[in-house]
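Engineer: Kindly return the folded structure for what I paste below:
(chains A and B)
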Amino acid sequence: MPQSLNRIVVTAVGLLVLGVLVTLVLPAGDEALHRSSQEKKPLTALEERGRQVFLREGCWACHTEQVRAIEAGFAHIRQPGDIGAASEGGEYAARSPALLGARRRGPDLTRVGTRLSSKEWHVRHHQDPQAASTGSIMQPYGYLSQADLDALAAYMLSLK
Amino acid sequence: MGSLVDWVAPQTEDSAARRFLYSSVFWLLVGVLLGLTMVVKVLVPDLLGGVAWLSFGRIRQIHVDLGLFGFLSAALLAAACFVVPRLCRAPLAGERAANLAVWAWNAAAALAVITLAGGQTRGREWGEAVWSVDLLRLAAFVLLWFAVFRTIRRRRSPEMYVTLWYLAAALVWGPMVLFFGKGLWAPATPYAGVVEALAGWFTGHGMITLWAGALALGVAYYLVPRLSGNPLYSVTLAAVGFYGLALFGPFAGPLPSVGGPAPYWLQTVAVVAGVMLLIPGLSAATNLWRTLGGAWDRVRADVALAFAVVGILAYLLSVVQGALAALRVVHNFLAFTQWGAGQTMLTLGLAYGSFALAAVYHMLPAVTGRRLYSERLAWWHFWLSVLGWVVFLSLFWVAGLVEGVMWNAGATPFIASVKATVPLWAGRLVAGTAIVTAQVLFAYNVYSTAVAGTTVPAAEREREAVATA
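Structural biologist: Numbering: from 1, shown residues only, chains lettered A, B, ... in the order given. Predicted structure coming up:
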C-alpha cells in the first residue's frame, strides 16, 4: 500500500511523463504525420482570416476536418461518397490549432470546397442556414461583418 | 490591514472549503443555464442569432469550461480542503494559501467566460481557455500543493488513507496535464499539425480521467465509508485501482484519433489503455459498492449518501461504456456522434458530479455551522436531477445510435440524420429544464442554509471538527 507521499508523487509524475513521451513526443517523429499525396497550397491571407473566424466562432465544435479511412469516398453528405479522400497527416502539417474536431452536429468540412464551390452559396448559408439548407440546426451568423463572411467563404472554398 | 488580509485569506478552519463550495454552486448555475440555452438554440436556431457572444459555438465552450473547472473542480477542491485535515488529524497547513487558490480559481473562471465570449479560444474541446486563464489555474495548483502536501507531511494519523493517494495524485496530474497538453511554456500553442490535435486529446482525456476522475474517486472513498458507517471493503483493491489508473490513464489520450490520420501504432496504444482502464474502474466501483453494503436505511435518510450511490452506479456505467467505445469496431461506429457527448456528460455530470454534490451536502453543516435549510428541497434536488439526467443522457445515446446507423449505411444525405434526431432535442429541453430547476432549488437551499439555517449545537460541531475526526 502506498504509505508515503513521495512515492505517490514520484509514481504519478513518472507515469505521466512516460505518457507524454509515448503519446506526444514519439508521434511527432512518425513519418505518417508528414505523408501527403497531394500538394497543399498554403492558405492565402483571406483564407487564413476565414480560418481565424472559423476558430473564433467555435465552428470546429460541430464540424470535423478529418476523413477517416473507413468512410473515405463512402460517407454521404450531399451525394454518395462526397466526403472525399481520407485525411493524411501531412495535410495538417503547418496548421495550429489543427482543428480536426471530435463531433459532427454538422457535416465534415475537410473537402467541402469540392462539393460546394460557390462563394455566394457559403455567404448565404452562413447568414441564413435554413434558407440554404432546409432542416439545418445551425444558427445564423448574420452578425459577422461582410469582410468576415467573405473570408469564411474563402476558407470553405480552400478546403479540398 | 490585518483585517483585510484576514478577509482575503482567512486562517479560520474550513474557510477555504466553504468558499470553494459557494463558488462551485455559483458556477454550476451559470454552466447549466448555458447548457439549456444551447438546447434551445438547436431547436430555434434564430433565437439570439444576432448576439455574437451568445452564439452556439461560443457558449458551448463556456459551458464546457465552467462545467469542468468552475463547478466540478471547485466542489471537489472544497471537499479536498475539507477531508485532508480530517484524514490527517491536523489543521490544513496552508488555510491562507488555499483561500488564495479560491481567488485564483474564480478569477480564472471569470476570465474564461469573458475571453471565450469574446471569441478568444484555443480551438480544442476541454482545452478552450487561453493562456492567461491557464496561468491563473497553475497558480492555484501551486498554492494548493503548499496547503495539501504540507498537511499530509505533518499528519498525525498513522496511515495514509486511500483518499489521500488519489487527491495527491490528482494535484500532480491536473497541472501537469494542462502544462504539457496545452504547451503552457508558450503563450500560444507550440504544437502544430496532427500532434496539436493529439495534445488536445491528451488534455481532454487527462483532465477528465486523471484530474476530475482522481479527485472524485478520492472524495468518494472518503464519503462512502463515512456516510454508510461501514469500513472500507478492501485496501488492496483500492491500491489495484489507484495504480491501474496511474498506469493506463496517461496513455488513453489518443482514443479520439482512432481511424484518423494519427500513426496506427499510437491508436493501438490508446485502444489497449482505454480497455485496460476497466481494471481501475471496476476495482473502484466494486470497492465502493461493497463498502456501502446494504446500508439502504442510511441512503433513504441521507441525501448526501443517496447522491454518492448514484455516483457509484453512474461511474460503473461510464467505465463499462468507455472501455467498449475504445474498441475499434465500436469506435468506428460511434465516432463523432452524439453518443460521445452523452458519455462525457455521464462521466463528468452524473458520476463525478454526484460525488461532488454528495460532498457539498455532507460538508455544508460543518463549514457553515448551520443545519441544512430544507431536507425536502434537497430531496427534490436529488430526484429532479437524477431523473432529469437519466432521460437527458438516454436521448443522447439514442441519437448517437441513430446517427451511427445512418452515417455508416452511407445511403442518405447528412441532413437526414439531423432531421431524424431533432425531435430528441425537444425531449432534452424537458429533461434539461428539470436538471436546471433542480440546481436552482439546490442553490437556493445552500444560500438559505448559509443565511437562515438553524445553528448546529456546539457538541455536534465538536464531533465533526478536525481535531476529533
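Engineer: Show the average pLDDT along the helix or strand hosting A:Leu157.
Structural biologist: Using DSSP states H and E, A:Leu157 sits in helix A:146-158. Mean per-residue pLDDT for helix A:146-158: 98.
Engineer: how far away is B:Leu66 from chain A?
Structural biologist: 15 Å (CB to the nearest CB, to the nearest Å). In short, each C-beta sits where N, CA and C put it, glycine included.
Engineer: Any figure for the gap between the residue most central in space within chain B and B:Trp105?
Structural biologist: For chain B, the residue sitting closest to the mean C-alpha position, by CA atoms, centre = their mean, is B:Leu72 at 3.8 Å. Distance of B:Leu72 to B:Trp105, given as CB to CB, to the nearest Å: 12 Å.
Engineer: now A:Arg78
Structural biologist: As judged by CB to CB, A:Arg78 and B:Trp105 stand 46 Å apart.
Engineer: low-confidence ranges in chain A?
Structural biologist: Across chain A, nothing is flagged by pLDDT under 70.
Engineer: Which segments of it make up each domain?
Structural biologist: Per automatic domain parsing, the domain ranges recorded for chain A read A:1-34, A:38-158.
Engineer: Let me have those domains in a markdown table, extended by mean neighbour count.
Structural biologist: Below are those laid out as a markdown table (neighbours: other CB atoms under 10 Å in any protein chain shown):
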| stretch | mean neighbour count |
| --- | --- |
| domain A:1-34 | 16 |
| domain A:38-158 | 19 |
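Engineer: before we move on, which element is residue 16 in?
Structural biologist: Here I'm looking at chain A. Applying DSSP H and E as the criterion places A:Leu16 in helix A:5-20.
Engineer: could you do chain B instead?
Structural biologist: Using DSSP H and E, B:Ala16 maps to helix B:15-43.
Engineer: all strands of the stretch 351-469 of chain B, in order?
Structural biologist: Using DSSP state E, counting those that start in this stretch, no strands are found in the stretch 351-469 of chain B.
Engineer: Flag the shaky bits of it, pLDDT-wise.
Structural biologist: Those would be B:467-469, if you go by pLDDT under 70 across the stretch 351-469 of chain B.
Engineer: would you list every one of the helices in it?
Structural biologist: Assigned by DSSP state H, counting those that start in this stretch, the helices in the stretch 351-469 of chain B fall at B:353-368, B:375-409, B:414-452, B:458-464.
Engineer: Is chain A within reach of the second one?
Structural biologist: What it means is helix B:375-409. Yes. Using CB under 8 Å from any CB of the partner chain, helix B:375-409 reaches chain A at B:Glu403, B:Trp407.
Engineer: what is the orientation angle of that helix with helix B:15-43?
Structural biologist: 50 degrees (axes from the mean of the first three to the mean of the last three CA atoms, to 10 degrees).
Engineer: Need the winner for burial among the helices of the stretch 351-469 of chain B.
Structural biologist: Sort the helices of the stretch 351-469 of chain B by mean neighbour count, taking mean count of other CB atoms under 10 Å in any protein chain shown, and helix B:353-368 sits at the top with a mean of 26.
Engineer: Not including adjacent chain positions, what is the nearest residue to the spatially most central residue of chain A?
Structural biologist: With distances taken as CA atoms, centre = their mean, A:Glu65 lies nearest the centre of chain A, 3.0 Å away. Nearest residue to A:Glu65, sequence neighbours excluded (CB to CB, 6 or more residues apart in numbering or on different chains): A:Thr110, at 5.0 Å.
Engineer: what are the phi and psi angles of the one you found?
Structural biologist: Backbone geometry at A:Thr110, expressed as degrees, to the nearest 10, gives phi -50, psi -40.
Engineer: my read: it touches A:Arg68, true?
Structural biologist: No. In this structure A:Thr110 lies outside contact range of A:Arg68 using CB atoms under 8 Å: 10.1 Å.
Engineer: got any residues that touch both of these two?
Structural biologist: Common neighbours of A:Thr110 and A:Arg68, using CB atoms under 8 Å, 6 or more residues apart in numbering or on different chains, are A:Ser87.
Engineer: how about the residue lying closest to A:Ser158 once chain neighbours are set aside, secondary structure?
Structural biologist: Residue nearest to A:Ser158 in three dimensions, not counting chain neighbours: A:Glu47, with 4.4 Å by CB to CB, 6+ apart. Under DSSP: H, G, I helix; E, B strand; the rest coil, A:Glu47 falls in the helix class.
Engineer: what residues are up against A:Glu47?
Structural biologist: A:Ala151, A:Ala154, A:Tyr155, A:Leu157, A:Ser158.
Engineer: How about B:Leu401?
Structural biologist: Here B:Leu401 is in contact with B:Thr337, B:Trp339 (CB under 8 Å, 6+ apart).
Engineer: now swap in the one 5 residues further on and tell me
Structural biologist: Shown here is B:Met406, whose contacts under the criterion CB under 8 Å, 6+ apart are B:Thr412, B:Ala416, B:Ser417, B:Ala420.
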